[in-house]
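Undergrad: model the following, please.
(one chain, ligands or ions: 1)
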Amino acid sequence: MDQELKQSFPVDWVEDNYVSRREFFKFLTLASGGLAAGSVGMAVFSSINRGRISFEPAMIANVSDVPVGGSLQFSYPRPQDLCVLIQPKAGEYVAYSRRCTHLSCPVEYQPEHERLYCPCHNGAFSLTDGQVLQGPPPRPLPKVLLEVRGAEIYALGVSHQEVKEG
Ligand code: FES
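TA: Sure, this is the predicted structure:
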């Protein structure tokens, strides 16, 4: 009977465990290699998309709502996220969060200075890219990504920008 079993199952337990262990380590090696490759891929992906967060597109204004040199307040992506849409030149639109990156006071558009101004501690931000022009804010204003679709302006996401050196 024992002989018959050995013929039917020729691998003994010791060898069977050894094979299993080897298979297990092979699996571990492949799995860790896969994880490493995945991590590298995610790092590349996140550096490409660094700071850009897409949200559900939302129609925020009609082009006729914002005169050249004028602005319009809106909320995006949540009702409590106050933003400002500006048309500095004909057909050019920019939008930023109104929350100052210093202590969160609401910033105001100052067309005469072509900037966004925070009255709390005399902070100011560039209209072009939201970079800090003066004052204590440590980071640029988050920029709202826009798309003009016919006569409507849509917000598509928010870009948290890096501080420009120099
Ligand atoms: S809160 Fe805006 S400069 Fe301090």
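
Undergrad: hey, let's count contacts and neighbours off CA atoms from now on
TA: Noted.

Undergrad: quick one: low-confidence ranges for the chain?
TA: 1-22, 24-25, 27-28, 33-50, 166 (pLDDT under 70).

Undergrad: residue 63 touches residue 149, doesn't it?
TA: No: look at residue 63 against residue 149 with C-alpha atoms under 8 Å: they stay out of range, at 9.5 Å.

Undergrad: quick one, what contacts the closest residue to residue 128 other than its chain neighbours?
TA: Computed as C-alpha to C-alpha, 6 or more residues apart in numbering, the closest residue to residue 128 that is not its neighbour in sequence is residue 94, at 7.8 Å. Counting by C-alpha atoms under 8 Å, 6 or more residues apart in numbering, residue 94 makes contact with 85-88, 127-128, 143-144, 146.

Undergrad: state the distance from residue 94 to residue 29.
TA: Distance from residue 94 to residue 29, counting by C-alpha to C-alpha, to the nearest Å: 50 Å.

Undergrad: where's the closest residue to residue 102 other than its chain neighbours relative to the ligand, distance?
TA: The shortest distance from residue 102 to any residue that is not its chain neighbour, by C-alpha to C-alpha, 6+ apart, is 4.2 Å, and that residue is residue 137. Distance from residue 137 to the ligand, counting by C-alpha to the nearest ligand atom, to the nearest Å: 5 Å.
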